[in-house]
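I'd like to go over a predicted model; first the sequence, then the structure.
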Amino acid sequence: MSKKMYSVPPVRGETEPEPQPPVLNNKQGSNRRTNKEMAVVTYIFIALFMFLSVYVLYFVIHDSDRVLNNPANKRSEIWAKHVTRGEILSADGKVLAETQTSDDGNETRVYPYGSLFVHVVGRNSHGATGLESSENYELLNTNLNPVDKVINEFNGKKSPGNRVVTTLDVSLSQAASEALGSRRGAVVAMEPETGKIVTMVSRPGYDPNDLTDERWEALSSNTDEDSPLYNRATQGLYPPGSTFKMYTALAFIRQNADYEDFRYKCRGRIGTDDGTIRCYGGEVHGKVDLYHAFAESCNTAFCSIGEKLNVAGWRNLCESMYFNKTIPFDKLEKRNSKFELTSSTSKGDVMQAAIGQGDVLVTPLQNILLSAAVANDGVLMQPYVVDSITSFDGKILSQTSPQELGRPVAPAEVKVMTKLMRGTVQYGTATSLYYGTPYKAAGKTGSAEFKAGSSESHAWFTGYVKYKNKSLAISVLVEGGGTGGAVAVPIAKRVFDVWADKLE
(Lines give C-alpha, C1' and ligand atoms only; values in the text may rest on other atoms or scores of the structure.)
Protein backbone atom coordinates (compact mmCIF):
# COMPACT_ATOMS: atom_id res chain seq x y z
CA MET A 1 0.00 0.00 0.00
CA SER A 2 1.55 3.28 -1.14
CA LYS A 3 2.05 6.26 1.14
CA LYS A 4 0.42 9.62 0.33
CA MET A 5 2.63 12.71 0.34
CA TYR A 6 1.30 15.85 2.16
CA SER A 7 2.70 19.37 2.02
CA VAL A 8 3.57 20.81 5.39
CA PRO A 9 2.21 24.32 6.04
CA PRO A 10 4.78 26.83 7.26
CA VAL A 11 5.14 27.35 10.95
CA ARG A 12 3.46 30.52 12.23
CA GLY A 13 5.94 33.43 12.12
CA GLU A 14 8.04 31.96 9.37
CA THR A 15 8.14 33.62 5.92
CA GLU A 16 8.95 32.36 2.53
CA PRO A 17 12.33 33.50 1.15
CA GLU A 18 12.23 36.68 -1.11
CA PRO A 19 12.60 35.94 -4.79
CA GLN A 20 16.11 36.90 -5.92
CA PRO A 21 16.84 38.70 -9.24
CA PRO A 22 18.67 36.70 -11.78
CA VAL A 23 22.39 36.91 -11.40
CA LEU A 24 24.15 38.51 -14.38
CA ASN A 25 27.30 36.99 -15.54
CA ASN A 26 30.47 39.15 -15.75
CA LYS A 27 30.09 39.70 -19.47
CA GLN A 28 26.61 41.20 -19.16
CA GLY A 29 27.68 43.63 -16.36
CA SER A 30 30.67 44.75 -18.33
CA ASN A 31 28.52 45.54 -21.38
CA ARG A 32 26.15 47.66 -19.32
CA ARG A 33 29.01 49.70 -17.82
CA THR A 34 30.53 50.17 -21.27
CA ASN A 35 27.22 51.43 -22.68
CA LYS A 36 26.94 54.02 -19.88
CA GLU A 37 30.48 55.24 -20.47
CA MET A 38 29.88 55.53 -24.21
CA ALA A 39 26.70 57.53 -23.59
CA VAL A 40 28.60 59.96 -21.32
CA VAL A 41 31.37 60.38 -23.89
CA THR A 42 28.79 60.91 -26.63
CA TYR A 43 27.03 63.64 -24.62
CA ILE A 44 30.36 65.33 -23.94
CA PHE A 45 31.23 65.33 -27.65
CA ILE A 46 27.77 66.68 -28.54
CA ALA A 47 28.17 69.49 -25.98
CA LEU A 48 31.65 70.33 -27.31
CA PHE A 49 30.36 70.31 -30.88
CA MET A 50 27.52 72.66 -29.98
CA PHE A 51 29.92 74.98 -28.11
CA LEU A 52 32.33 75.07 -31.05
CA SER A 53 29.47 75.70 -33.49
CA VAL A 54 28.25 78.65 -31.41
CA TYR A 55 31.79 80.02 -31.13
CA VAL A 56 32.41 79.73 -34.87
CA LEU A 57 29.14 81.54 -35.56
CA TYR A 58 30.06 84.26 -33.04
CA PHE A 59 33.53 84.57 -34.57
CA VAL A 60 32.17 84.92 -38.10
CA ILE A 61 29.66 87.59 -37.05
CA HIS A 62 31.67 89.57 -34.48
CA ASP A 63 35.39 88.86 -34.55
CA SER A 64 36.43 87.62 -38.00
CA ASP A 65 37.08 91.08 -39.46
CA ARG A 66 39.07 92.13 -36.40
CA VAL A 67 41.27 89.03 -36.50
CA LEU A 68 41.71 88.90 -40.27
CA ASN A 69 42.55 92.60 -40.47
CA ASN A 70 44.79 92.62 -37.41
CA PRO A 71 48.27 93.85 -38.44
CA ALA A 72 49.78 91.12 -36.23
CA ASN A 73 48.09 88.43 -38.33
CA LYS A 74 50.98 86.91 -40.29
CA ARG A 75 48.65 85.46 -42.90
CA SER A 76 48.41 88.88 -44.55
CA GLU A 77 52.13 88.66 -45.31
CA ILE A 78 51.48 85.35 -47.09
CA TRP A 79 48.53 86.78 -49.04
CA ALA A 80 50.63 89.79 -50.10
CA LYS A 81 53.10 87.42 -51.81
CA HIS A 82 50.38 86.12 -54.09
CA VAL A 83 47.93 89.04 -54.45
CA THR A 84 48.45 92.64 -55.54
CA ARG A 85 46.71 94.84 -52.99
CA GLY A 86 43.39 96.05 -54.38
CA GLU A 87 42.23 99.59 -55.04
CA ILE A 88 40.19 101.86 -52.79
CA LEU A 89 37.72 103.93 -54.79
CA SER A 90 35.43 106.90 -54.26
CA ALA A 91 31.67 106.60 -54.68
CA ASP A 92 31.98 107.57 -58.36
CA GLY A 93 34.90 105.26 -59.09
CA LYS A 94 37.85 107.60 -58.67
CA VAL A 95 41.00 105.93 -57.34
CA LEU A 96 41.84 106.92 -53.76
CA ALA A 97 44.53 104.27 -53.24
CA GLU A 98 46.22 101.83 -55.61
CA THR A 99 49.31 99.67 -55.93
CA GLN A 100 51.71 100.50 -58.76
CA THR A 101 54.28 97.92 -59.84
CA SER A 102 57.56 98.92 -61.49
CA ASP A 103 59.25 96.99 -64.29
CA ASP A 104 61.53 95.28 -61.79
CA GLY A 105 58.54 94.13 -59.69
CA ASN A 106 58.73 96.64 -56.84
CA GLU A 107 55.33 97.66 -55.51
CA THR A 108 54.42 101.15 -54.29
CA ARG A 109 51.15 102.11 -52.64
CA VAL A 110 49.99 105.38 -54.21
CA TYR A 111 47.38 107.88 -52.98
CA PRO A 112 46.40 110.18 -55.89
CA TYR A 113 44.73 112.80 -53.66
CA GLY A 114 47.58 113.08 -51.19
CA SER A 115 46.42 114.24 -47.76
CA LEU A 116 42.76 114.76 -48.70
CA PHE A 117 41.52 111.30 -47.65
CA VAL A 118 44.41 110.25 -45.43
CA HIS A 119 42.37 110.01 -42.21
CA VAL A 120 39.68 107.81 -43.79
CA VAL A 121 41.54 105.82 -46.45
CA GLY A 122 44.59 105.71 -44.19
CA ARG A 123 48.10 104.51 -45.00
CA ASN A 124 49.70 101.09 -45.51
CA SER A 125 53.16 101.76 -44.11
CA HIS A 126 54.53 102.56 -40.64
CA GLY A 127 51.44 100.84 -39.23
CA ALA A 128 48.30 100.59 -41.35
CA THR A 129 45.41 102.92 -40.50
CA GLY A 130 41.93 103.77 -41.79
CA LEU A 131 40.42 101.56 -44.46
CA GLU A 132 43.85 100.25 -45.35
CA SER A 133 43.74 98.56 -41.95
CA SER A 134 40.04 97.72 -41.47
CA GLU A 135 39.67 96.38 -45.04
CA ASN A 136 43.06 94.65 -45.21
CA TYR A 137 41.55 91.19 -45.75
CA GLU A 138 39.32 92.35 -48.60
CA LEU A 139 42.15 94.20 -50.34
CA LEU A 140 44.41 91.12 -50.19
CA ASN A 141 41.68 88.70 -51.25
CA THR A 142 41.00 87.97 -54.91
CA ASN A 143 37.96 86.83 -56.82
CA LEU A 144 39.98 85.69 -59.81
CA ASN A 145 38.84 82.26 -61.03
CA PRO A 146 40.93 79.31 -59.79
CA VAL A 147 42.35 78.43 -63.22
CA ASP A 148 43.72 81.94 -63.77
CA LYS A 149 45.12 81.98 -60.24
CA VAL A 150 47.01 78.74 -60.93
CA ILE A 151 48.34 80.15 -64.21
CA ASN A 152 49.50 83.31 -62.41
CA GLU A 153 51.22 81.22 -59.74
CA PHE A 154 52.94 79.14 -62.42
CA ASN A 155 54.16 82.29 -64.21
CA GLY A 156 55.25 83.99 -61.00
CA LYS A 157 52.59 86.70 -61.30
CA LYS A 158 50.34 88.03 -58.58
CA SER A 159 46.56 87.95 -58.85
CA PRO A 160 44.67 91.28 -58.62
CA GLY A 161 43.08 92.01 -55.26
CA ASN A 162 39.48 93.04 -54.68
CA ARG A 163 38.39 96.66 -54.58
CA VAL A 164 36.86 98.60 -51.70
CA VAL A 165 34.30 101.12 -52.96
CA THR A 166 33.65 103.89 -50.46
CA THR A 167 30.74 106.33 -50.03
CA LEU A 168 33.12 109.31 -50.24
CA ASP A 169 32.49 112.12 -52.72
CA VAL A 170 35.68 113.68 -54.10
CA SER A 171 34.22 117.08 -55.07
CA LEU A 172 32.48 117.59 -51.71
CA SER A 173 35.63 116.55 -49.85
CA GLN A 174 37.74 118.96 -51.90
CA ALA A 175 35.27 121.76 -51.17
CA ALA A 176 35.41 121.04 -47.43
CA SER A 177 39.21 120.89 -47.41
CA GLU A 178 39.61 124.10 -49.39
CA ALA A 179 37.13 125.90 -47.13
CA LEU A 180 38.98 124.75 -44.01
CA GLY A 181 42.26 125.87 -45.51
CA SER A 182 45.21 125.80 -43.11
CA ARG A 183 43.02 125.87 -39.99
CA ARG A 184 42.73 122.91 -37.66
CA GLY A 185 39.34 121.24 -37.68
CA ALA A 186 37.03 118.70 -39.27
CA VAL A 187 34.06 118.46 -41.62
CA VAL A 188 31.67 115.49 -41.75
CA ALA A 189 28.79 115.29 -44.24
CA MET A 190 26.24 112.46 -44.37
CA GLU A 191 23.13 111.44 -46.28
CA PRO A 192 20.41 111.39 -43.58
CA GLU A 193 18.24 108.87 -45.46
CA THR A 194 20.98 106.24 -45.82
CA GLY A 195 23.79 107.01 -43.35
CA LYS A 196 26.38 107.27 -46.15
CA ILE A 197 29.35 109.40 -45.11
CA VAL A 198 30.11 111.44 -48.23
CA THR A 199 32.74 113.69 -46.66
CA MET A 200 35.10 113.22 -43.74
CA VAL A 201 37.96 115.69 -43.72
CA SER A 202 40.36 116.34 -40.85
CA ARG A 203 43.00 119.06 -40.80
CA PRO A 204 45.92 119.22 -40.54
CA GLY A 205 46.76 116.14 -42.56
CA TYR A 206 49.85 114.61 -44.11
CA ASP A 207 50.77 113.09 -47.46
CA PRO A 208 50.87 109.26 -47.23
CA ASN A 209 52.93 109.23 -50.44
CA ASP A 210 55.77 110.93 -48.58
CA LEU A 211 56.50 108.72 -45.60
CA THR A 212 60.27 108.46 -45.57
CA ASP A 213 61.78 107.36 -42.28
CA GLU A 214 62.82 110.95 -41.57
CA ARG A 215 59.37 112.30 -42.37
CA TRP A 216 57.70 109.59 -40.28
CA GLU A 217 59.93 110.36 -37.31
CA ALA A 218 58.82 113.98 -37.44
CA LEU A 219 55.13 113.05 -37.72
CA SER A 220 55.10 110.42 -34.99
CA SER A 221 56.97 112.66 -32.54
CA ASN A 222 54.39 115.44 -32.97
CA THR A 223 52.10 114.83 -30.02
CA ASP A 224 50.76 118.36 -29.49
CA GLU A 225 47.40 119.74 -30.62
CA ASP A 226 48.70 120.21 -34.18
CA SER A 227 49.29 116.46 -34.69
CA PRO A 228 48.37 115.57 -38.29
CA LEU A 229 48.09 111.85 -37.46
CA TYR A 230 44.95 112.56 -35.41
CA ASN A 231 41.53 112.11 -37.08
CA ARG A 232 39.66 114.99 -35.53
CA ALA A 233 36.36 113.91 -37.11
CA THR A 234 36.09 110.72 -35.05
CA GLN A 235 38.72 111.03 -32.31
CA GLY A 236 38.60 114.70 -31.37
CA LEU A 237 36.58 115.52 -28.23
CA TYR A 238 35.48 119.14 -27.94
CA PRO A 239 32.95 121.18 -25.96
CA PRO A 240 30.03 121.58 -28.40
CA GLY A 241 29.08 125.08 -27.29
CA SER A 242 25.70 126.31 -28.44
CA THR A 243 25.19 123.42 -30.89
CA PHE A 244 24.30 121.40 -27.78
CA LYS A 245 21.28 123.67 -27.27
CA MET A 246 19.59 121.34 -29.76
CA TYR A 247 19.62 118.65 -27.06
CA THR A 248 18.66 121.08 -24.32
CA ALA A 249 15.75 122.38 -26.41
CA LEU A 250 14.55 118.88 -27.32
CA ALA A 251 14.65 117.79 -23.67
CA PHE A 252 12.67 120.90 -22.69
CA ILE A 253 10.05 120.23 -25.39
CA ARG A 254 9.77 116.61 -24.31
CA GLN A 255 9.40 117.44 -20.62
CA ASN A 256 7.11 120.49 -20.90
CA ALA A 257 3.82 120.41 -22.78
CA ASP A 258 3.59 124.20 -22.44
CA TYR A 259 7.00 124.90 -24.04
CA GLU A 260 5.34 127.37 -26.43
CA ASP A 261 4.64 129.61 -23.44
CA PHE A 262 8.31 129.95 -22.52
CA ARG A 263 9.36 133.57 -22.06
CA TYR A 264 12.61 134.96 -20.69
CA LYS A 265 14.18 138.38 -20.32
CA CYS A 266 17.88 138.26 -21.13
CA ARG A 267 20.06 140.78 -19.32
CA GLY A 268 23.27 139.39 -20.79
CA ARG A 269 24.35 137.48 -17.70
CA ILE A 270 23.09 134.96 -15.16
CA GLY A 271 24.54 133.90 -11.82
CA THR A 272 25.51 130.29 -11.02
CA ASP A 273 26.98 128.48 -8.04
CA ASP A 274 30.44 129.05 -9.48
CA GLY A 275 30.12 132.57 -10.85
CA THR A 276 28.46 134.22 -13.81
CA ILE A 277 27.56 133.00 -17.31
CA ARG A 278 27.27 135.62 -20.03
CA CYS A 279 25.84 135.65 -23.52
CA TYR A 280 28.53 135.53 -26.18
CA GLY A 281 30.22 138.86 -26.72
CA GLY A 282 28.28 140.42 -23.86
CA GLU A 283 25.15 140.66 -25.99
CA VAL A 284 21.81 141.43 -24.28
CA HIS A 285 18.87 139.80 -26.10
CA GLY A 286 16.02 141.25 -24.04
CA LYS A 287 12.67 139.42 -24.11
CA VAL A 288 12.81 136.11 -26.00
CA ASP A 289 10.60 133.10 -26.52
CA LEU A 290 12.02 129.61 -27.12
CA TYR A 291 12.41 130.14 -30.88
CA HIS A 292 14.26 133.46 -30.60
CA ALA A 293 16.38 132.20 -27.71
CA PHE A 294 17.47 129.30 -29.92
CA ALA A 295 17.98 131.29 -33.14
CA GLU A 296 19.89 134.08 -31.40
CA SER A 297 21.77 131.57 -29.20
CA CYS A 298 20.88 133.21 -25.89
CA ASN A 299 23.03 131.58 -23.21
CA THR A 300 21.16 132.92 -20.20
CA ALA A 301 17.78 131.73 -21.51
CA PHE A 302 19.14 128.23 -21.97
CA CYS A 303 20.78 128.26 -18.55
CA SER A 304 17.32 129.01 -17.17
CA ILE A 305 15.86 126.14 -19.22
CA GLY A 306 18.60 123.70 -18.18
CA GLU A 307 18.22 124.19 -14.44
CA LYS A 308 14.54 123.19 -14.69
CA LEU A 309 15.12 119.97 -16.65
CA ASN A 310 14.84 116.46 -15.27
CA VAL A 311 18.48 115.43 -15.58
CA ALA A 312 17.75 111.70 -15.93
CA GLY A 313 15.40 112.31 -18.86
CA TRP A 314 17.88 114.72 -20.43
CA ARG A 315 20.66 112.15 -20.12
CA ASN A 316 18.46 109.39 -21.59
CA LEU A 317 17.80 111.62 -24.59
CA CYS A 318 21.51 112.21 -25.08
CA GLU A 319 22.34 108.54 -24.74
CA SER A 320 19.71 107.68 -27.36
CA MET A 321 21.93 109.76 -29.66
CA TYR A 322 25.09 107.85 -28.63
CA PHE A 323 26.52 109.99 -25.87
CA ASN A 324 28.45 107.83 -23.37
CA LYS A 325 28.48 104.92 -25.80
CA THR A 326 30.19 103.85 -29.00
CA ILE A 327 28.67 104.91 -32.31
CA PRO A 328 28.30 101.76 -34.48
CA PHE A 329 30.81 102.95 -37.06
CA ASP A 330 33.45 100.24 -36.99
CA LYS A 331 35.78 101.13 -39.86
CA LEU A 332 37.73 103.91 -38.13
CA GLU A 333 39.14 104.59 -34.69
CA LYS A 334 36.83 106.78 -32.61
CA ARG A 335 36.11 108.11 -29.14
CA ASN A 336 32.85 108.38 -27.22
CA SER A 337 31.09 111.69 -26.68
CA LYS A 338 30.32 112.50 -23.03
CA PHE A 339 27.30 113.74 -21.13
CA GLU A 340 27.61 112.51 -17.56
CA LEU A 341 25.27 114.70 -15.53
CA THR A 342 23.42 113.07 -12.63
CA SER A 343 20.84 114.16 -10.09
CA SER A 344 23.68 115.16 -7.76
CA THR A 345 25.37 117.47 -10.29
CA SER A 346 25.61 121.04 -9.02
CA LYS A 347 23.26 123.71 -10.36
CA GLY A 348 26.16 125.61 -11.88
CA ASP A 349 27.42 122.55 -13.79
CA VAL A 350 23.91 121.83 -15.05
CA MET A 351 23.63 125.38 -16.39
CA GLN A 352 27.04 125.08 -18.04
CA ALA A 353 25.98 121.82 -19.67
CA ALA A 354 22.78 123.43 -21.00
CA ILE A 355 24.90 125.66 -23.25
CA GLY A 356 27.38 122.94 -24.24
CA GLN A 357 30.17 123.88 -21.84
CA GLY A 358 31.55 122.26 -18.71
CA ASP A 359 32.02 118.52 -18.93
CA VAL A 360 30.01 117.97 -22.14
CA LEU A 361 32.29 116.74 -24.95
CA VAL A 362 31.50 115.64 -28.50
CA THR A 363 33.20 114.43 -31.65
CA PRO A 364 32.31 116.08 -34.98
CA LEU A 365 30.89 112.70 -36.09
CA GLN A 366 28.53 112.55 -33.11
CA ASN A 367 27.51 116.17 -33.58
CA ILE A 368 25.93 115.36 -36.94
CA LEU A 369 23.55 112.69 -35.63
CA LEU A 370 20.69 114.82 -34.27
CA SER A 371 20.69 117.05 -37.35
CA ALA A 372 20.55 113.94 -39.55
CA ALA A 373 17.70 112.43 -37.52
CA VAL A 374 15.64 115.64 -37.74
CA ALA A 375 16.28 115.82 -41.50
CA ASN A 376 15.12 112.19 -41.83
CA ASP A 377 11.78 112.60 -40.01
CA GLY A 378 13.19 111.40 -36.68
CA VAL A 379 14.87 108.24 -37.99
CA LEU A 380 18.58 107.83 -37.24
CA MET A 381 20.53 105.75 -39.75
CA GLN A 382 23.81 103.99 -39.02
CA PRO A 383 26.72 105.93 -40.54
CA TYR A 384 28.97 103.97 -42.90
CA VAL A 385 31.83 104.64 -45.29
CA VAL A 386 32.27 101.34 -47.22
CA ASP A 387 29.59 100.99 -49.88
CA SER A 388 30.66 97.69 -51.46
CA ILE A 389 33.41 95.18 -52.14
CA THR A 390 33.96 94.35 -55.80
CA SER A 391 36.28 92.15 -57.78
CA PHE A 392 39.11 93.79 -59.73
CA ASP A 393 36.84 93.89 -62.80
CA GLY A 394 33.88 95.48 -61.02
CA LYS A 395 31.71 92.52 -60.05
CA ILE A 396 29.90 93.28 -56.77
CA LEU A 397 30.84 90.74 -54.10
CA SER A 398 29.12 92.39 -51.14
CA GLN A 399 26.99 95.49 -50.69
CA THR A 400 26.32 97.53 -47.54
CA SER A 401 22.61 97.96 -46.83
CA PRO A 402 21.45 101.04 -44.90
CA GLN A 403 20.57 100.15 -41.30
CA GLU A 404 18.16 102.01 -39.02
CA LEU A 405 19.58 102.67 -35.55
CA GLY A 406 16.32 103.90 -34.07
CA ARG A 407 13.70 106.66 -34.02
CA PRO A 408 14.96 108.93 -31.25
CA VAL A 409 12.89 111.96 -32.30
CA ALA A 410 9.09 111.72 -32.45
CA PRO A 411 7.23 113.19 -35.46
CA ALA A 412 5.77 116.04 -33.38
CA GLU A 413 9.25 116.82 -32.02
CA VAL A 414 10.67 116.84 -35.55
CA LYS A 415 8.28 119.65 -36.48
CA VAL A 416 9.34 121.79 -33.52
CA MET A 417 13.07 121.11 -34.00
CA THR A 418 12.75 121.95 -37.70
CA LYS A 419 11.14 125.27 -36.82
CA LEU A 420 13.87 126.03 -34.28
CA MET A 421 16.69 125.14 -36.69
CA ARG A 422 15.09 127.02 -39.58
CA GLY A 423 14.86 130.07 -37.35
CA THR A 424 18.64 130.04 -36.92
CA VAL A 425 18.96 130.40 -40.70
CA GLN A 426 16.05 132.79 -41.28
CA TYR A 427 16.66 135.35 -38.54
CA GLY A 428 19.41 134.03 -36.29
CA THR A 429 23.15 133.38 -36.40
CA ALA A 430 23.32 131.56 -39.76
CA THR A 431 21.48 133.90 -42.17
CA SER A 432 24.15 133.48 -44.87
CA LEU A 433 22.52 130.11 -45.55
CA TYR A 434 19.16 131.81 -46.19
CA TYR A 435 19.77 134.59 -48.68
CA GLY A 436 20.53 133.72 -52.30
CA THR A 437 20.62 129.93 -51.89
CA PRO A 438 18.44 127.49 -53.87
CA TYR A 439 18.20 124.98 -51.02
CA LYS A 440 16.35 125.04 -47.71
CA ALA A 441 18.78 125.03 -44.81
CA ALA A 442 18.40 124.52 -41.06
CA GLY A 443 20.88 124.19 -38.22
CA LYS A 444 22.61 125.54 -35.14
CA THR A 445 25.82 127.50 -34.68
CA GLY A 446 28.14 127.27 -31.71
CA SER A 447 31.08 129.08 -30.15
CA ALA A 448 32.66 126.88 -27.49
CA GLU A 449 35.16 128.24 -24.98
CA PHE A 450 37.90 125.72 -24.29
CA LYS A 451 40.51 127.48 -22.16
CA ALA A 452 39.82 128.76 -18.67
CA GLY A 453 40.30 132.49 -18.47
CA SER A 454 40.53 132.85 -22.26
CA SER A 455 38.06 134.29 -24.75
CA GLU A 456 39.19 131.85 -27.45
CA SER A 457 36.47 129.54 -28.75
CA HIS A 458 35.95 126.70 -31.21
CA ALA A 459 33.62 127.52 -34.09
CA TRP A 460 30.82 125.01 -34.75
CA PHE A 461 27.93 124.46 -37.12
CA THR A 462 25.66 121.46 -37.45
CA GLY A 463 22.59 121.27 -39.65
CA TYR A 464 21.20 120.10 -42.96
CA VAL A 465 19.85 121.21 -46.33
CA LYS A 466 17.04 119.89 -48.51
CA TYR A 467 16.90 120.35 -52.27
CA LYS A 468 15.11 118.46 -55.05
CA ASN A 469 13.82 115.76 -52.66
CA LYS A 470 17.32 115.04 -51.33
CA SER A 471 19.06 116.11 -48.16
CA LEU A 472 22.55 116.43 -46.72
CA ALA A 473 23.55 116.79 -43.06
CA ILE A 474 26.81 118.37 -41.94
CA SER A 475 29.00 118.95 -38.90
CA VAL A 476 31.76 121.58 -39.04
CA LEU A 477 34.39 122.30 -36.39
CA VAL A 478 37.18 124.88 -36.56
CA GLU A 479 39.52 124.74 -33.59
CA GLY A 480 39.97 128.16 -32.03
CA GLY A 481 38.05 129.63 -34.96
CA GLY A 482 35.86 132.04 -33.05
CA THR A 483 32.12 132.26 -33.77
CA GLY A 484 30.22 129.54 -35.58
CA GLY A 485 28.22 132.02 -37.63
CA ALA A 486 31.27 133.83 -38.96
CA VAL A 487 33.63 130.88 -39.46
CA ALA A 488 31.89 127.48 -39.51
CA VAL A 489 28.76 128.45 -41.46
CA PRO A 490 30.71 129.62 -44.56
CA ILE A 491 32.48 126.25 -44.68
CA ALA A 492 29.14 124.44 -44.52
CA LYS A 493 27.77 126.73 -47.22
CA ARG A 494 30.67 125.91 -49.53
CA VAL A 495 29.91 122.20 -49.22
CA PHE A 496 26.15 122.75 -49.60
CA ASP A 497 26.70 124.85 -52.74
CA VAL A 498 28.81 122.18 -54.43
CA TRP A 499 26.29 119.51 -53.43
CA ALA A 500 23.36 121.52 -54.86
CA ASP A 501 25.28 122.15 -58.10
CA LYS A 502 25.74 118.40 -58.53
CA LEU A 503 21.95 117.97 -58.43
CA GLU A 504 21.35 120.43 -61.25
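It's in.

for the rest of this, base every contact and every neighbour count on C-alpha atoms.
OK.

tell me, how many residues neighbour residue 328?
11 (other Cα atoms under 10 Å).

quick one: contacts for residue 286?
264-267 (Cα atoms under 8 Å, 6 or more residues apart in numbering).

now the strands: where do they sit in the stretch 301-450 of the chain?
Along the stretch 301-450 of the chain, counting by DSSP state E, counting those that start in this stretch, strands occupy 380-381, 386-390, 396-399, 404-406, 440-449.

typed the wrong thing, it's the stretch 51-200 of the chain
83-84, 88-89, 95-101, 107-110, 159-160, 163-166, 185-190, 197-203.

so what secondary structure elements neighbour the second one?
To tie it back to what came earlier, the one meant is strand 88-89. Helices and strands touching strand 88-89, by 3 or more Cα pairs under 8 Å, 6 or more residues apart in numbering; DSSP states H and E, are strand 95-101, strand 163-166.

partner strands of that strand, with direction?
In the sheet, strand 88-89 lines up against strand 95-101 (antiparallel), strand 163-166 (parallel) (DSSP bridges).

and the contacts of that strand?
95-98, 121, 163-166.

do the same with stretch 206-217
109-111, 114-115, 118, 122-123, 125-126, 228-229.

for this protein, name the helix or strand with the lowest mean pLDDT.
helix 64-68 (a mean of 51; mean pLDDT, DSSP states H and E).

re the thing from before, filter the contacts of residue 286 down to the buried ones.
Buried subset of these (neighbour count, 16 or more other Cα atoms under 10 Å): 264, 266-267.

how about low-confidence regions in the stretch 201-350 of the chain?
Within the stretch 201-350 of the chain, the stretches with pLDDT under 70 are 225.

ok, 90 please
In the predicted model of the stretch 201-350 of the chain, residues 218-227, 271-276, 280-282, 330-331 satisfy pLDDT under 90.

now swap in the stretch 51-200 of the chain and tell me
Checking the stretch 51-200 of the chain against pLDDT under 90 turns up 51-82, 103-105, 144-157.

just the helices in it please.
Here the stretch 51-200 of the chain has its helices, by DSSP state H, counting those that start in this stretch, at 64-68, 75-82, 118-121, 130-134, 136-139, 146-154, 170-180.

ok so, going back, filter the contacts of stretch 206-217 to the buried ones?
Looks like those have 109-111, 114-115, 118, 122-123, 228-229 buried, using 16+ other Cα under 10 Å.

returning to what we had before: with neighbour count added, can I get the contacts of strand 88-89 in JSON lines?
Formatted as JSON lines, the contacts of strand 88-89 follow (neighbours: other Cα atoms under 10 Å):
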{"residue": "95", "neighbour count": "17"}
{"residue": "96", "neighbour count": "23"}
{"residue": "97", "neighbour count": "27"}
{"residue": "98", "neighbour count": "18"}
{"residue": "121", "neighbour count": "29"}
{"residue": "163", "neighbour count": "29"}
{"residue": "164", "neighbour count": "28"}
{"residue": "165", "neighbour count": "25"}
{"residue": "166", "neighbour count": "26"}
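
with distance to residue 50 added, can I get these in CSV?
Output for the contacts of strand 88-89, formatted as CSV (distance: Cα to Cα, whole Å):
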residue, distance to residue 50
95, 45
96, 44
97, 43
98, 43
121, 40
163, 36
164, 35
165, 37
166, 38
